[in-house]
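Chemist: Need a 3D model of the following:
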Amino acid sequence: MSVYSIRDLERLTGIKAHTIRMWEKRYRLILPARTDTNIRYYTDENLRLLFNIALLNRSGYKISKLAKMPPEEISARAAEFTRRTETTDTRIEALTLAMLDLDEAAFERIFLSYQWEHGFEPVMLDVIYPFLNRLNELWLTRSISLAHEKFVTQLIRRKLMVAIDSEMLKPEADAKRFLLYLPEDERQELTLLFLFYLLRRRGFRVLYLGSGVSLSDLQEASQSFRPDCVYTILNNPIPRQSIQQYLEKASELLGNASFWVSGMQVFVNNLDIPPNVRRLNGLAETLQLMEEWKS
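Modeler: Here you go, the predicted structure:
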């Protein structure tokens, strides 16, 4: 069983801590447990109930009415509301709850319903990426465990692999060549896999090297594949060298290839950007540049 502080509940549900305390005091909705030293904490059951209360409250239910309902009725009404509602925020909240419950069936239902209506690319852009941004915030603040993160990232990874394999169209002989990789100690493979899917769907020729790629491996692959563009993500510091040194070495060994780089490290550091390097601030800018290359 996981335990949460009131600040954890605030980060997970978006409900301010003082509001949670008011609901507790006035309506006795969310009642915390206490340690032997009288420190308050909240359980998984408290968290699930608060998620459902928040969902219904935002949809128009008054707290005074919800306070009179048993938890089972609140849960049932929240589930029904989720099935009937198509807003992105509602789906993200439902995905968060499915993650916390380690409920694969619920995750599948939310993902597939949006995919059937809109397609794979929209479900990733409209639902999954906002959800992953929220997941990253929760991970950084230690509001979720490694088990939660592993559970949900593996589900999304499976979806991406199936989608990539379905895009087996042979690119044109003169199609632009993209090489995708992540350096050592970088964790953003879901973004890299999604970019793989987007590029393949748009008819580019793609070489996917995955994570843990050294500069020597990158050089060898580039000499053989001769990419027009190389893409990577630098969210974490590079071991044993500065980001400036890494960019200079990588850009030099890539020769005439364009080098697209996104991630926190290329924006928080004061860098002298080599001529063939393009800093990309997030997925939206990457998509825009990809469309420019396609045209």
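
Chemist: going forward, measure contacts between C-alpha atoms and count neighbours the same way
Modeler: Will do.

Chemist: got the buried residues for the longest strand seen in the chain?
Modeler: Longest strand in the chain by number of residues (criterion: DSSP state E): strand 205-213. Residues of strand 205-213 classed as buried: 205-207, 209-211 (neighbour count, 16 or more other CA atoms under 10 Å).

Chemist: what helices or strands is that strand leaning on?
Modeler: The helices and strands touching strand 205-213, judged by 3 or more CA pairs under 8 Å, 6 or more residues apart in numbering; DSSP states H and E, are strand 177-183, helix 189-201.

Chemist: chain center to that strand: distance?
Modeler: 20 Å (CA atoms, centre = their mean, to the nearest Å).

Chemist: now stretch 259-278
Modeler: 22 Å.

Chemist: buried stuff in it?
Modeler: 259-263, 265-266, 276-277.

Chemist: what pLDDT, on average, does that stretch get?
Modeler: For stretch 259-278, mean pLDDT rounds to 90.

Chemist: mind checking the end-to-end distance for that stretch?
Modeler: 6 Å (CA to CA, to the nearest Å).

Chemist: what residues does that stretch touch?
Modeler: Outside stretch 259-278, the residues that touch it by CA atoms under 8 Å, 6 or more residues apart in numbering are 229-237, 243-244, 247-248, 251, 256-258, 279-282.

Chemist: which of those residues count as buried?
Modeler: 229-237, 243-244, 247-248, 251, 257-258, 279-280.

Chemist: Need the residue closest to the centroid of this protein.
Modeler: Centroid check for the chain by CA atoms, centre = their mean gives Leu132 as the closest residue, at 1.9 Å.

Chemist: which SS state does that one fall under?
Modeler: helix (DSSP: H, G, I helix; E, B strand; the rest coil).

Chemist: next one: Ala175
Modeler: Applying three-state DSSP: Ala175 is coil.

Chemist: quick one: it from Arg205, how far?
Modeler: Taken as CA to CA, the span from Ala175 to Arg205 is 6 Å.

Chemist: re the thing from before, relative to Glu93, how far out is the residue nearest to the centre of the chain?
Modeler: 12 Å.

Chemist: Can you add pLDDT and distance to Leu271 and give the buried residues of strand 205-213 back as TSV?
Modeler: Shown next, in TSV, are those (pLDDT from 0 to 100; distance: CA to CA, whole Å):
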residue	pLDDT	distance to Leu271
Arg205	94	31
Val206	95	28
Leu207	95	28
Leu209	96	26
Gly210	94	25
Ser211	93	24
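
Chemist: Within the helices and strands, which one has the nearest residue to Ala94 once chain neighbours are set aside?
Modeler: Ranked by CA to CA, 6 or more residues apart in numbering and with sequence neighbours excluded, the top spatial neighbour of Ala94 is Thr82, at 7.1 Å. Element membership for Thr82, per DSSP states H and E: helix 71-84.

Chemist: My guess is Ile74 contacts Phe51. True?
Modeler: No - if you go by CA atoms under 8 Å, Ile74 and Phe51 don't touch, sitting 10.1 Å apart.

Chemist: Is Thr232 in a helix, a strand, or coil?
Modeler: Thr232 - assigned by three-state DSSP - is strand.

Chemist: Tell me the bridge partners for it.
Modeler: Val261 (DSSP bridges).

Chemist: Surely it and Glu184 touch.
Modeler: No - with contacts counted by CA under 8 Å, Thr232 stays clear of Glu184, the gap being 11.2 Å.

Chemist: Using CSV, write out the CA atom coordinates for the lowest-mean-pLDDT helix or strand in the chain.
Modeler: Least confident helix or strand of the chain, by mean pLDDT, DSSP states H and E, is helix 129-140 with a mean of 77. Output in CSV follows, covering the C-alpha atoms of helix 129-140 (Å, rounded to 0.1, in the frame of the first residue of the first chain):
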residue,chain,number,x,y,z
TYR,A,129,1.7,13.5,-24.4
PRO,A,130,-0.1,15.8,-22.0
PHE,A,131,-0.5,12.7,-19.7
LEU,A,132,3.3,12.0,-19.9
ASN,A,133,4.1,15.6,-19.1
ARG,A,134,2.0,15.2,-15.9
LEU,A,135,3.6,11.9,-15.2
ASN,A,136,7.1,13.5,-15.4
GLU,A,137,6.0,16.2,-12.9
LEU,A,138,4.7,13.5,-10.5
TRP,A,139,7.9,11.5,-10.9
LEU,A,140,10.1,14.5,-10.2
